[in-house]
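A.B. asks: Pasting the sequence and the predicted model now:
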Amino acid sequence: MEKILQKKSFPKWVEKLDAYEIYSPVKKDNTWSYEIINTPGDIELDYPNAVQAPKKIINPQREVVLEFGRSDDDSLEVTEVLPEEKSVVIFGVRPCDAKALTLTDLVFSGDIKDNYYGKRRKQTAIIGLACNTPPSPNCFCTSVDGSPHSEDGFDILLTDLGDRYFVKSLTNKGNNLINLGKGLFVAPKANEKKEIAKIHADAEKKLKRQVNDAEKIPPKLKEMFESPFWDEESMSCLRCGICTYLCPTCHCFDISDEVTSVAPFKGYRIRTWDNCQFPDFTMHSSGHNPRPDKASRLRQRIMHKYQYFVECYDHYQCTGCGRCVSKCPVGIDIIEVLNKVRDYG
Amino acid sequence: MKGKINETTQNNPFLPELARIISTHYLTKDVKFFQVRFSDMEKALSFRYEPGQFAMVSVLGAGEAPFCLSSSPSRPGLLEFCIQKKGTLTNALFRLRENDLVGVRGPYGNGFPMGDMEGKDVLIVMGGLGVAPLRSVLLYCLDNRDLFNRVILLHGARTPSDMIFRDEFMALKERVDLECFLTVDEDDTGTWKENIGVVTTLFPKLKKIDPSQAYGLVCGPPVMYKFVIKEFIQLNIPKNQILMTLERRMKCGVGKCGHCAIDYIYTCLDGPVFTYWDVIHMRELI
């Protein structure tokens, strides 16, 4: 379904979505983050990308899996805790971050389903904003099969046309949201469709960074497992893990228990984001570590994203958002690393 | 001790079942034996697994970790684990007594291809804590003795007092349908009558093996694999009939959390039992 929505009508549409919990990018302390908004006026869609991808809403940094404690008769009681039942809309999601959700879907679905991720994913509608100009100087989505107006993972994609949005609904969930704003939307004219095509084509040309011939990288990586390349590239790594924490496709998690320090005994089993750049990630209790150094951990990160995942699912596990490049404290630049891999040896 | 699970959905992969400790005792100074049974009788009787599979065991409040099942599915009802005291969780486990409750979920992993091994010689080589998964295979073979050809056990430990299940294996030496060889690196008791030397020093004692009709199984500390596999290769056992069960840090057990990912596989789903062929093609496995 394709529609046009005047920007001045946008708050009126959002008002109609009062049954939903609404997230939008919000400017906080000079950076952007996805937060729950109270009034439609808080939604700000003229923004570069948020520091943290909206994956934090679907797959929270910390989440209780079960609760346990001793009841009055001293018996042990364990209670399953599931995500709260509610309908959620996220506005302003960039194409790279929406596509990332389609990749984590592959991991968390399958024969054994992750009820936590699955439930949130199902009850959340993703409304995107196409990138007319790259939101980050390190955007490289076009190198990894993405684009500034990719529709993967969206229920609705908005494109900014100055005083109005071009609205494209891609799912039933999206259609339902548009139907709630009946009367606000009009059908696009032929020239508006042309305008969209031009804006989208221009947007692709504005990306400053790229990895050419990226398809050469997965087979190349396969031959580079033992290469000294990984020692060279990881030399400056601080093991801070920001690259994977901010990555919209990284999904590894830890499970641990937390208990109260005062009686009665009560506690929670929680799952929290984990990080393959930490030595502890693979450390056995015996002290043996099959991935003992920075080189093997950087190799794992690159191999997983551009070789193993490709082998399993036929997609790069990277959507080119550029966060890991922008935020790495020592300037390890995955775009440069990939270009070097392609030309290596 | 009483306990219950409040469950609202079916098939939540992260939710454990409660199991009661039926018996526990020290096997060595830092390894303990745990025999548990699901509190829910129906679950206790319906729980099915293969030798080599593992379960996630938790002490609520201390955490959860993977432990391979040391019992054999040929003896249903009770699950057995043999656990070394190492970290927070195992310390908490060691403080528990009979009748205390633990969380158990599983079984996970692929297990040994027991069906493929039927009619063949089964050569089991274990060292140290490698006993834990291979005891399951051994008991399974002995309980279904007519299904297998020769069953051979080579078991090594640092000292006699470090030998896990020493009395159990000593007793097995009496069996005529099991070729059982035990060894220690050094004898600290002065009473050890068996072989002294690393586990590979037992190989010359074996009667001739027809390699095409034999499976070689190994589990032990990381350093052991290289030497034992070399012996298997010298015996001409085919690479895909050399089986080993490997260790990995794991959190979920169901292929989601990413800890045990190696190459394009997950140890918890595609392992922990691998062939030597897998090991050659998948670096970082050991």
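C.D. replies: The structure has been received and is ready for your questions.
A.B. asks: can we go C-alpha only for contacts and neighbour counts from here?
C.D. replies: OK.
A.B. asks: In the stretch 1-150 of chain A, what residue spans correspond to strands?
C.D. replies: A:2-6, A:21-28, A:31-36, A:62-70, A:76-80, A:88-93, A:124-129 (DSSP state E, counting those that start in this stretch).
A.B. asks: do you know which of the ones you listed lies nearest A:Pro228?
C.D. replies: Closest of these to A:Pro228 is strand A:62-70, at 36.6 Å (criterion: C-alpha to C-alpha).
A.B. asks: From B:Val199, how far out is the residue nearest to B:Leu235 when sequence neighbours are not counted?
C.D. replies: Nearest non-adjacent residue to B:Leu235, counting by C-alpha to C-alpha, 6 or more residues apart in numbering or on different chains: B:Pro211, 6.4 Å away. For B:Pro211, the distance to B:Val199 equals 19 Å [C-alpha to C-alpha, to the nearest Å].
A.B. asks: if we can go back for a sec, B:Leu243: which of the strands of the stretch 1-150 of chain A is closest?
C.D. replies: It is, among those and with distance given as C-alpha to C-alpha, strand A:62-70, at 35.6 Å.
A.B. asks: what sits against B:Leu101?
C.D. replies: Contacts of B:Leu101 were listed using C-alpha atoms under 8 Å, 6 or more residues apart in numbering or on different chains, and they are B:1, B:3, B:18-21, B:59.
A.B. asks: Going by residue numbers, what spans are helices in chain A?
C.D. replies: Secondary structure of chain A (DSSP state H): helices at A:10-16, A:55-58, A:95-108, A:115-122, A:172-180, A:190-205, A:217-222, A:229-234, A:242-246, A:294-303, A:309-313, A:323-327, A:334-343.
A.B. asks: Can you lay out these as a markdown table showing distance to B:Ile237 and mean pLDDT?
C.D. replies: Output for the helices of chain A, formatted as a markdown table (distance: least, C-alpha to C-alpha, whole Å; pLDDT from 0 to 100):
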| stretch | distance to B:Ile237 | mean pLDDT |
| --- | --- | --- |
| helix A:10-16 | 69 | 95 |
| helix A:55-58 | 49 | 96 |
| helix A:95-108 | 37 | 96 |
| helix A:115-122 | 44 | 95 |
| helix A:172-180 | 58 | 96 |
| helix A:190-205 | 57 | 92 |
| helix A:217-222 | 29 | 94 |
| helix A:229-234 | 36 | 95 |
| helix A:242-246 | 43 | 96 |
| helix A:294-303 | 32 | 95 |
| helix A:309-313 | 31 | 93 |
| helix A:323-327 | 47 | 96 |
| helix A:334-343 | 39 | 96 |
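A.B. asks: Quick one, which of the strands of the stretch 1-150 of chain A gets closest to chain B.
C.D. replies: strand A:76-80 (4.2 Å; C-alpha to the nearest C-alpha).
A.B. asks: In this structure B:Val198 contacts B:Asp187, no?
C.D. replies: No: taking C-alpha atoms under 8 Å as the definition, B:Val198 is not a contact partner of B:Asp187, at 11.8 Å.
A.B. asks: Show me which residues of stretch B:227-243 are buried.
C.D. replies: B:228-229, B:231-232, B:235, B:237-239, B:241-243 (16 or more other C-alpha atoms under 10 Å in any protein chain shown).
A.B. asks: Then stretch A:137-154?
C.D. replies: A:137-144, A:146-154.
A.B. asks: now the strands of the stretch 1-150 of chain A as a markdown table including mean neighbour count and mean pLDDT?
C.D. replies: Output for those, formatted as a markdown table (neighbours: other C-alpha atoms under 10 Å in any protein chain shown; pLDDT from 0 to 100):
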| stretch | mean neighbour count | mean pLDDT |
| --- | --- | --- |
| strand A:2-6 | 19 | 95 |
| strand A:21-28 | 20 | 93 |
| strand A:31-36 | 18 | 94 |
| strand A:62-70 | 20 | 94 |
| strand A:76-80 | 20 | 92 |
| strand A:88-93 | 24 | 96 |
| strand A:124-129 | 25 | 97 |
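A.B. asks: So which of the buried residues of stretch B:227-243 belong to strands?
C.D. replies: B:242-243 (DSSP state E).
A.B. asks: quick one: terminal-to-terminal distance for stretch B:176-189?
C.D. replies: 27 Å.
A.B. asks: pLDDT on it, on average?
C.D. replies: Averaged across stretch B:176-189, the pLDDT comes to 94.
A.B. asks: The strands of the stretch 1-150 of chain A into a markdown table, with extra columns for distance to chain B?
C.D. replies: Compiled in a markdown table, those are given as follows (distance: least, C-alpha to the nearest C-alpha, whole Å):
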| stretch | distance to chain B |
| --- | --- |
| strand A:2-6 | 37 |
| strand A:21-28 | 24 |
| strand A:31-36 | 24 |
| strand A:62-70 | 7 |
| strand A:76-80 | 4 |
| strand A:88-93 | 21 |
| strand A:124-129 | 20 |
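A.B. asks: just the buried members of the contacts of B:Leu101?
C.D. replies: Among the contacts of B:Leu101, those classed as buried by 16+ other C-alpha under 10 Å are B:3, B:18-21, B:59.
A.B. asks: which one of those residues is nearest chain A?
C.D. replies: Among the buried ones among the contacts of B:Leu101, and counting by C-alpha to the nearest C-alpha, the member closest to chain A is B:Gly3, at 4.2 Å.
A.B. asks: Next up, the contacts around the nearest residue to the closest one once chain neighbours are set aside.
C.D. replies: In this structure, B:Gly3 finds its nearest non-sequential neighbour in A:Leu76, 4.2 Å apart by C-alpha to C-alpha, 6+ apart. Counting by C-alpha under 8 Å, 6+ apart, A:Leu76 touches A:68-70, B:1-4.
A.B. asks: A:Tyr23 touches A:Ile37, doesn't it?
C.D. replies: Yes: assessed by C-alpha under 8 Å, A:Tyr23 is found in contact with A:Ile37 at 5.9 Å.
A.B. asks: How about the residues of the stretch 101-250 of chain B by chain A?
C.D. replies: Applying C-alpha under 8 Å from any C-alpha of the partner chain, we find that the stretch 101-250 of chain B lies next to chain A at B:247-249.
A.B. asks: Show me the shaky parts of the stretch 151-286 of chain B.
C.D. replies: Low-confidence segments of the stretch 151-286 of chain B (pLDDT under 70): B:286.
A.B. asks: What helices and strands are in contact with the helix or strand containing B:Glu168?
C.D. replies: For B:Glu168, the host element (DSSP states H and E) is helix B:166-172. Here helix B:166-172 touches no other helix or strand, going by 3 or more C-alpha pairs under 8 Å, 6 or more residues apart in numbering or on different chains; DSSP states H and E.
A.B. asks: What segments of the stretch 151-286 of chain B are strands?
C.D. replies: B:151-157, B:179-184, B:195-196, B:214-219, B:242-245, B:261-262, B:265-266, B:273-275.
A.B. asks: Name the residue closest to the centre of chain B, please.
C.D. replies: Nearest to the mean C-alpha position of chain B, by C-alpha atoms, centre = their mean, lies B:Pro133 at 0.7 Å.
A.B. asks: Please convert the helices of chain A to TSV, extending it with distance to chain B and mean neighbour count.
C.D. replies: Shown next, in TSV, are the helices of chain A (distance: least, C-alpha to the nearest C-alpha, whole Å; neighbours: other C-alpha atoms under 10 Å in any protein chain shown):
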stretch	distance to chain B	mean neighbour count
helix A:10-16	32	17
helix A:55-58	15	18
helix A:95-108	6	22
helix A:115-122	6	18
helix A:172-180	24	16
helix A:190-205	32	14
helix A:217-222	10	18
helix A:229-234	15	16
helix A:242-246	12	21
helix A:294-303	8	21
helix A:309-313	6	16
helix A:323-327	19	21
helix A:334-343	18	17
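A.B. asks: re earlier: state the distance from the residue nearest to B:Gly3 to B:Glu17.
C.D. replies: In terms of C-alpha to C-alpha, A:Leu76 sits 12 Å off from B:Glu17.
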